[in-house]
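Chemist: everything below, folded, please.
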Amino acid sequence: MHAEASLETPTATPPAVRADSADLSALRQDVTDRFGHPSRPRALFQLIVTGGLLVGTWMLSLWGLENMPWLSVALTLPLALLLVRSFIFQHDCGHGSFFASQKANDTLGCVLGVLTLTPYHYWLRTHAIHHATSGNLSKRGTGDIWTLTLKEYAALSKKQRFGYHLYRSPIVLFGVGALFHFFVFHRWPTNMESHWKKERRGVILTDIALVAGIAGLCALVGWQQFLLIQVPATALSCGLGVWLFYVQHQYEDTYWVEAKDWEFERAGLDGSSYFRLPKVIQWFTGNIGLHHVHHLSSRVPNYRLEACMRAYPALQEPRTITFRSSFKCAGLKIWDEAERKLISFRDARERLRASS
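Modeler: Residues are numbered from 1 along each chain as shown. All right, here's what the predicted structure looks like:
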């Protein structure tokens, strides 16, 4: 039998999780009630410390260019991680969880969007769609990493398969593709729905502010010095950011179901990992590794995520990914609906040959 004809979408119901839907809904509400309250002092403290470290590291790197070039190279990673941490603040602003005031969140989010090359309002809209559709096979394509099912992969032509292989390759996802997304795609207001007027305007304003900021820094420190410090750090932060997002959802026993079976809370807990990182890296990444807590209730600020997880036994049994095991996730490419897990291209070929 031909492979495409033998691969049918399974009709089995999704596997049971820790609690029923009502319990999970009640859990989400309780988590939001207890921990979904921003703290201005904690938010400002995070901003001051991170901003100070960012400026200080940048200036030290500038000094290193003239006196100790190796130091400037060594500081590229810390600078990139501080940019990732800044993006997490922007991320919280988009969820209305960094400050209590939405105006303050939007203002800071727009400012940070210039630093992170991410137009705030455009990202806010696509990320909201991601939260509302994560794990829903019927609503893929916005704010996520495109993932095909085994049946869909089987139906592709050789040319289409090559394109999907290329897209899912690490060098594209975390390298060339990440750079294109942040440096190019985010710069064009036409890359979105025509009725997204606020988002289009936000892209234009972000680009204007970005040009002004670059021009000002180049005039202040010299264009060569600016490029040697900022471009490598920003490029590295883009790759790191995409990697974090990837590991948070693309692991073997993640959650993908059709719309009729999809449930918000289950998608949050079963389709988002706990990326357990060393404490220093957890700080730089703003606790975003506790992604199952974040997807259960996006109103919880980054500085309350760990306390929230400790407060609920139901949140202490997540899909845990360690730094070492995270690299295995890069080899997972296709969702096998029959076995309900992500598989590699090699496994996909073997299944297709067996079913032909």
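
Chemist: so who does the most centrally placed residue in the chain touch?
Modeler: For the chain, the residue sitting closest to the mean C-alpha position, by Cα atoms, centre = their mean, is residue 245 at 3.0 Å. Residues near residue 245 by Cβ atoms under 8 Å, 6 or more residues apart in numbering: residue 145. Using the backbone N, CA and C atoms, a C-beta is placed for each residue, glycine as well.

Chemist: any idea how far it is from residue 145?
Modeler: With distances taken as Cβ to Cβ, to the nearest Å, residue 245 is found 7 Å from residue 145.

Chemist: check residue 208 too.
Modeler: 30 Å.

Chemist: do residue 332 as well
Modeler: 11 Å.

Chemist: and the residue nearest to residue 308 when sequence neighbours are not counted, what's its pLDDT?
Modeler: Of all residues not flanking residue 308 in the chain, residue 35 sits nearest, at 4.3 Å (Cβ to Cβ, 6 or more residues apart in numbering). pLDDT, residue 35: 97.

Chemist: next: the one 5 residues further on.
Modeler: If you check residue 40, the pLDDT there is 97.

Chemist: I figured it was touching residue 98, is that so?
Modeler: No - using Cβ atoms under 8 Å, residue 40 makes no contact with residue 98, being 9.5 Å away.

Chemist: tell me which of those two has more neighbours.
Modeler: residue 98 (28 against 12; other Cβ atoms under 10 Å).

Chemist: what sits against the closest residue to that one other than its chain neighbours?
Modeler: If the residues on either side of it in the chain are set aside, residue 98 comes closest to residue 92, at 3.8 Å by Cβ to Cβ, 6+ apart. Taking Cβ under 8 Å, 6+ apart as the contact definition, residue 92 lies against 98, 105, 286, 301-302.

Chemist: quick check: next helix or strand after the one helix or strand residue 92 maps to?
Modeler: Residue 92 belongs to helix 76-94 when assigned by DSSP states H and E. Next helix or strand after helix 76-94 toward the C-terminus (DSSP H and E): helix 102-115.

Chemist: buried ones in that next one?
Modeler: Neighbour counts over helix 102-115 (16 or more other Cβ atoms under 10 Å) mark 104-106, 108-115 as buried.

Chemist: next, count neighbours for residue 195.
Modeler: With other Cβ under 10 Å as criterion, residue 195 counts 8.
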